[in-house]
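Novice: Have a look at this prediction, sequence included:
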Amino acid sequence: MKNLPIGIVLLWIAAFLAPSPLSAQDGERLYKSNCASCHDGGLERAPLFSWLRAYSAERILAAMETGPMISMANRASTADRRAIAQYVAGRPFSAALSTTPAPEAMCSAEVKAADPLNVGLTGPAWNGWGHDTGNSRFQDQVMAGLTADDVSQLKLKWAFGFPGEITANSQPTLANGRIFVGSQSGMIYALSAQTGCIHWYYQAASAVRSAIVIGQIGTGANARYAAFFGDFGATAYAIDATTGQLFWKVKVDDFPSARITGTPSFYKGRLYVPVSSGEEGSAGASTAYECCKFRGSVSALDVATGRIAWKTYTIPEPAKPTTKNTAGTQLWGPSGSPVWSSPTIDTVRNVVYITTGNNYSEPGTATSAAFMALNMADGKIVWSRQTTAGDTWNSACRMPDKTNCPKNEGPDFDFSAPPILVSLPNGRRALVAGQKSAVVHALDPDREGAILWQTKIGKGGTMGGVQWGSAADESNIYVALSDVGRVMLPYSLSTDVDPKVGGGMFALRLSDGQEVWRAAPAACGEKPRCSPAQSAAVSALPGVAFSGSVDGHMRAYSTTDGKVIWDFDTIRSFDTVNKVPGRGGSLDGPGAAIGGGMVFFNAGYAGGGGQPGNVLLGFSVDGR
């Protein structure tokens, strides 16, 4: 994590942008003096200049002015920002790219009639991030409609293109024959699972990385089904799952760079919304930035109205002035401990479980890089179990100028994967989650998070260890390893991904954490901008675990011995059902959604040295 979405990596433009004495309208000169060293030099998470040309000037400007790193971009004048956006886009603002679907991309009346949603949630579904309240990311045989033998015969059925995008990282949701998915432009689509045609679309105010959650509002004759999600403006939405009409939207955090990255969780009339932020990146942009004040949170919303029933911060006390950095800038703390992932619901103890990120500034807190349990009724912290103490870190720690890096710098071993709630063979239960330290932890939820076992599977690091999540069946947890490596670029202070470092797939026994099998990563060979790192979340069905890689491959592993039984390379062009030019790319962040005899996943992730792409792919055995 910080495998960040393109809405942020675009803002490496802003990260190094200071007020310039150059002409405000001289976009080329402004770009070359402030941006080229990153975007022309292969800096980590900075897409190449040629890739940015896929965006309109409006998109680039919106990223700098209203995106998650606004605290950096606002150091430049409005005229300078507009000049850079127009130059980078290569076209004036009047030539904005339209994201409105063409009429021929819409579903016919016959398809819509055969695909009703207002009759209730029935049939195969992969609803939200982890598919169930325990975030298992496991689909049973009946709902999957696939066996291990079937998986080996999967063929592409359709591809859908996100217009103008170079990253596709909102995990698809399957419900009642429809696929619900968000995009970096903030467009939400409801598609036919069988054909990829569009039932409806809705434009949110900001980028949407969370998955969509379908849930019921009201009962009886007044029952309606809503699609819930969050955006990068820290706004939660409820829209009609049948028509796409807005029910309500609520801003859950007013901090300038606050965002909803993790998927909200729905349970019994409430929506539990996690909040993270981009302030960690702001700290490295300028020694004049007053690091740091953000603190992570979870809010419980009434699904009928959007009213916030309670909000719990992961750091109970707000930040206060602490000391000044060597540039004389006031620093603040404690801060950070964001919630990057989807909350897990314990229906037995009526508790919401989360995992948290690192602190951004000193002093460190006991609730960073931790598992936390919140009372479902009022949000009170029931218990917290920290797994890495003193993890105080921000992006200044990897910059040449480390002025804003905490004096007692931590390893950046926070959690971006949610906890999985499982039942053990001995009748007890466990909360299991992998960390960026490459340690997988199992805690006892019924004994205030007492540690049951801990297993290290790799080296870990800022972009290493376990990134976005694992999957669990009744016996094992299936864990993908990132451990992405970096190499120095010739004649540059910048780095690129190391094609020989990272990746691997592991099965660990839930009862004791012992390794059942491991599968080595596939080699990149001579492929450019390739990494074997497996950062994406794992998804599973009986006998099979799916893992996406930064190299652009989705692979299906036998859960018996770890052998690859199916492999699809997305690095190619696609003819899309909506006639948008389609291209596959790196798989990072979300994993596959499985159900009804089909498998769905996005391809494209331009950050972190990955390959850009803009497609959602649907697979079935017959491919028809």
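Specialist: That came in fine, so what should we check first?
Novice: Show me the helices in this structure, by range?
Specialist: Using DSSP state H, the helices of the chain run over residues 6-9, 12-15, 27-34, 36-39, 49-52, 57-66, 70-73, 78-89, 109-113, 141-144, 148-151, 279-282.
Novice: ok, how many other residues are close to residue 450?
Specialist: 11 (other CB atoms under 10 Å). Where C-beta positions appear, they are placed from N, C-alpha and C, glycine not excepted.
Novice: Now do the same contact list for it.
Specialist: Shown in contact with residue 450 (CB atoms under 8 Å, 6 or more residues apart in numbering): 385, 443-444.
Novice: and if we set it to 10 Å?
Specialist: By CB atoms under 10 Å, 6 or more residues apart in numbering, the contact list for residue 450 reads 383, 385, 443-444.
Novice: Identify all residues paired with it through a beta bridge.
Specialist: Residue 450 forms beta bridges with residue 444, as assigned by DSSP bridges.
Novice: any idea how far it lies from residue 107?
Specialist: Going from residue 450 to residue 107 by CB to CB, to the nearest Å gives 51 Å.
Novice: for residue 524, same thing?
Specialist: Taking CB to CB, one finds residue 524 at 39 Å from residue 107.
Novice: same question, residue 368
Specialist: From residue 368 over to residue 107 (counting by CB to CB), the distance is 46 Å.
Novice: got it, and residue 303?
Specialist: Look at residue 303 and residue 107: by CB to CB, they are 27 Å apart.
Novice: Hmm, residue 163 is touching residue 183, no?
Specialist: Yes - with contacts counted by CB atoms under 10 Å, residue 163 reaches residue 183, the gap being 8.8 Å.
Novice: Settle it for me: which of those two has more neighbours?
Specialist: The neighbour comparison of residue 163 against residue 183 (other CB under 10 Å) goes to residue 183, with 26 against 21.
Novice: Between residue 303 and residue 107, which is the more surrounded one?
Specialist: Neighbour tally, residue 303 and residue 107, criterion other CB under 10 Å: the higher count belongs to residue 303, 23 against 20.
Novice: Contacts only, for the more buried one.
Specialist: Counted by CB under 10 Å, 6+ apart, residue 303 has contacts 213, 215-218, 226, 228, 238, 247-248, 264, 266-271.
Novice: Low-confidence stretches in the stretch 1-150 of the chain?
Specialist: 1-25, 34, 37-38, 41-46, 62-79, 81, 94-97, 112-120 (pLDDT under 70).
Novice: and with 90 instead?
Specialist: Scanning the stretch 1-150 of the chain for pLDDT under 90 picks out 1-100, 102, 108-123.
Novice: Kindly report the same for the stretch 451-600 of the chain.
Specialist: Checking the stretch 451-600 of the chain against pLDDT under 90 turns up 485-498, 525-529.
Novice: how long is stretch 597-608 end to end?
Specialist: The straight-line separation of the ends of stretch 597-608 (CA to CA, to the nearest Å) is 33 Å.
Novice: Flag every buried residue along that stretch.
Specialist: Under the neighbour-count criterion of 16 or more other CB atoms under 10 Å, stretch 597-608 has 597-608 buried.
Novice: Which ones among those residues map onto strands?
Specialist: Members of these lying in strands (criterion: DSSP state E): 598-603.
Novice: which one of those is nearest residue 552?
Specialist: Nearest to residue 552 among those, counting by CB to CB, is residue 603 at 6.8 Å.
Novice: could you list every residue that touches residue 98?
Specialist: Counting by CB under 10 Å, 6+ apart, the residues that residue 98 touches are 56, 163-164.
Novice: Redo these as CSV? Include distance to residue 401.
Specialist: Listed next are the contacts of residue 98 as CSV, based on distance: CB to CB, whole Å:
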residue, distance to residue 401
56, 33
163, 38
164, 34
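Novice: Nearest to residue 203 among these?
Specialist: Minimum distance to residue 203 across the contacts of residue 98 is 12.4 Å, recorded for residue 163 (CB to CB).
Novice: quick check, nearest of the buried residues of stretch 597-608 to residue 497?
Specialist: Out of the buried residues of stretch 597-608, the member with the shortest distance to residue 497 (by CB to CB) is residue 608, at 7.4 Å.
Novice: Quickly note the distance from the closest one to residue 51.
Specialist: 13 Å.
Novice: And residue 429, by the same measure?
Specialist: Here the distance between residue 429 and residue 51 works out to 45 Å (CB to CB).
Novice: ok, now which ones touch residue 566?
Specialist: Counted by CB under 10 Å, 6+ apart, residue 566 has contacts 148, 150-154, 544, 546, 554-558, 599, 619.
Novice: Neighbour-wise, give me the winner out of these.
Specialist: Using other CB under 10 Å as the neighbour criterion, residue 599 leads the contacts of residue 566 with 31 neighbours.
Novice: For that one, which non-adjacent residue is spatially closest?
Specialist: Using CB to CB, 6 or more residues apart in numbering and skipping residues adjacent in sequence, the residue nearest residue 599 is residue 619, 4.6 Å away.
Novice: That neighbour reaches residue 603, doesn't it?
Specialist: No - if you go by CB under 10 Å, residue 619 and residue 603 don't touch, sitting 11.7 Å apart.
Novice: Any stretches of the stretch 151-300 of the chain with poor pLDDT?
Specialist: Applying pLDDT under 90 to the stretch 151-300 of the chain picks out residues 164-167, 184-185, 218-223, 281, 284-286.
Novice: related to what we said a few turns ago, closest to residue 102 out of the ones in strands among the buried residues of stretch 597-608?
Specialist: Set against residue 102, the nearest of those by CB to CB is residue 602 (20.8 Å).
Novice: And residue 84, how far from residue 589?
Specialist: 27 Å.
Novice: centroid residue for this structure?
Specialist: When CA atoms, centre = their mean is applied to the chain, the residue found nearest the centroid is residue 589 (4.7 Å).
Novice: Count the residues that sit near residue 396.
Specialist: Neighbour count of residue 396, defined by other CB under 10 Å: 26.
Novice: Check the one 3 residues further on too.
Specialist: Neighbouring residues of residue 399 were enumerated by other CB under 10 Å; the total is 17.
Novice: Find the nearest non-adjacent residue to it, please.
Specialist: Residue nearest to residue 399 in three dimensions, not counting chain neighbours: residue 284, with 4.7 Å by CB to CB, 6+ apart.
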